[in-house]
Each structure stands twice: as C-alpha cells, then as structure tokens.
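Undergrad: Have a look at this prediction, sequence included:
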Amino acid sequence: MLLPSSAENTLTLANPIADIEVESNSVPVALDLSNVFIANNATDLQLTITSNSNASVVNASLNGAVLTLAFAEDAVGEAELVIQAQLNEQILTDTFTVKVVDNSTSVPNSFVRGVKAYPNPFNTYLTVECEAGDYVEVYDLFGRKVYEVKASSSIVTLPTQHFSNGMYIVRLATKQKVYSIRVLKK
C-alpha cells in the first residue's frame, strides 16, 4: 500500500480574507471560503471558527465553506475573527477584522451620497443614479453576483425580469469608496 507523500497533502493559505466594513443594521454577508485555504486533498479539509472577539456585534457561522456574518441590530464596533483550516495534522489560521460603523448620521438606505436606486421595491427594471465610470454590481443574499456593469452615464437601468423575488444588494464602486444599497424585488 502506498501512502501519500506530504507534498500531496499540503495545506496553504492562498487568499487571506480581507478586512470587512459594513454599516450597522446591514443584511448578513456570506463569504465563500473555498479559495482561502487550498489543499490538494480538499475532502479532508476541516474549517472552524476558533475565535470571535466581539460576538455582541458580529455573529459568525460556518456551513461547509460558506462563512455567514450576521450583525446585531443597532450594534457598532469591531470583531476579530479567526478561521482555522485543518488537514490531517496541518493547521493554518486566517485572522481578519469586521468593523460595523454607525449609520445614524447617514441618509436612508435607498439614497447614499447622491446615489439613488429606484423603484424600490422593483419588478422588471431597477434604475441606479451614480456617476459615469462607477461600477454597479448586484448581489443576492447568498453573496452571488447576479449583475454587473460599468456606468457609461449618470443613470443606469438594469434589466431585472430574470431576478427571483427577494432582497438584493446593489454595490456601487466609485473612485473613492464602495457603497451598498438594499433593494427588494417583488
């Protein structure tokens, strides 16, 4: 019987999780960790959350390779999370920070920095007002990108008839910052 060599079962931290900043009362965020830790024999790879420094602000849960971050209502603060990957005797960790900032001084969610998304709720189309050159992306609540476009003018109309009913996040990337707007498809 041949035993696998250690080179065949190497665990590496390929793509560390970036620090995350969200506004208070944000919808949960789902992160796919399947490319964070890479192992040649991925069937034996075990992921666990080993530390959450502030569970009163961020609740973290793992389902397979999907890390879901849920945010406590009206909570503001930071949490340092540690994700551990184990493959046989090899153990690696990745540490990242989740910062939840106060949005009480911000304007309603459908209007941010002159960025509007309407109608909200929407049906067959969604209009986003932004600046030419901004990137408009739409994500479902599982974190899957369902639409993206680079704005060629200050008004972008997205065809949404193929979207399922439910909540979506419109992510607007400007030259200075990234904004998220919640919208509902009915």
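TA: Looks like it came in fine. Quantities reported herein were computed from a predicted structural model and do not represent experimental measurements.
Undergrad: ok, and for stretch 90-103, which residues are buried?
TA: 90, 92, 94, 96, 97, 98, 100, 103 (16 or more other C-beta atoms under 10 Å). Where C-beta positions appear, they are placed from N, C-alpha and C, glycine not excepted.
Undergrad: which of these has the weakest pLDDT?
TA: Lowest pLDDT of these: residue 103, 60.
Undergrad: Nearest residue to the middle of this protein?
TA: residue 29 (4.5 Å; C-alpha atoms, centre = their mean).
Undergrad: circling back to that earlier point, mind putting the buried residues of stretch 90-103 in TSV, secondary structure and distance to residue 50 included?
TA: Output for these, formatted as TSV (DSSP: H, G, I helix; E, B strand; the rest coil; distance: C-beta to C-beta, whole Å):
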residue	secondary structure	distance to residue 50
90	strand	15
92	strand	11
94	strand	10
96	strand	13
97	strand	15
98	strand	15
100	strand	21
103	coil	30
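Undergrad: Check which residues of stretch 70-80 are buried.
TA: For stretch 70-80, by 16+ other C-beta under 10 Å, it's 71, 72, 76, 77, 79.
Undergrad: what's the farthest-apart pair in these?
TA: 76 and 79 (11.2 Å; C-beta to C-beta).
Undergrad: Overlap of the contact sets of those two?
TA: Residues touching both residue 76 and residue 79 by C-beta atoms under 8 Å, 6 or more residues apart in numbering: 57, 100.
Undergrad: how many other residues sit next to the nearest residue to residue 49 once chain neighbours are set aside?
TA: In space, and not counting its chain neighbours, residue 49 is closest to residue 60: 5.2 Å by C-beta to C-beta, 6 or more residues apart in numbering. When neighbours are defined as other C-beta atoms under 10 Å, residue 60 has 18 of them.
Undergrad: so residue 60 makes contact with residue 67?
TA: Yes - using C-beta atoms under 8 Å, residue 60 makes contact with residue 67 at a distance of 6.4 Å.
Undergrad: Show me the common contact partners of the two, please.
TA: Contact criterion C-beta under 8 Å, 6+ apart; residues shared by residue 60 and residue 67: residue 49.
Undergrad: quick check: domain ranges of the chain?
TA: Domains of the chain are assigned by automatic domain parsing as 6-101, 111-185.
Undergrad: need the contact list for residue 123.
TA: For residue 123, the contact set (C-beta under 8 Å, 6+ apart) comprises 160, 161, 185, 186.
Undergrad: Which two among the residues you listed are spaced furthest apart?
TA: Taking C-beta to C-beta, no two of these sit farther apart than 161 and 186, at 12.3 Å.
Undergrad: Work out the gap between the helix or strand in which residue 167 is found and the centre of the chain.
TA: Following DSSP states H and E, one finds residue 167 within strand 166-173. Put simply, strand 166-173 sits 11 Å off its chain's centre (C-alpha atoms, centre = their mean, to the nearest Å).
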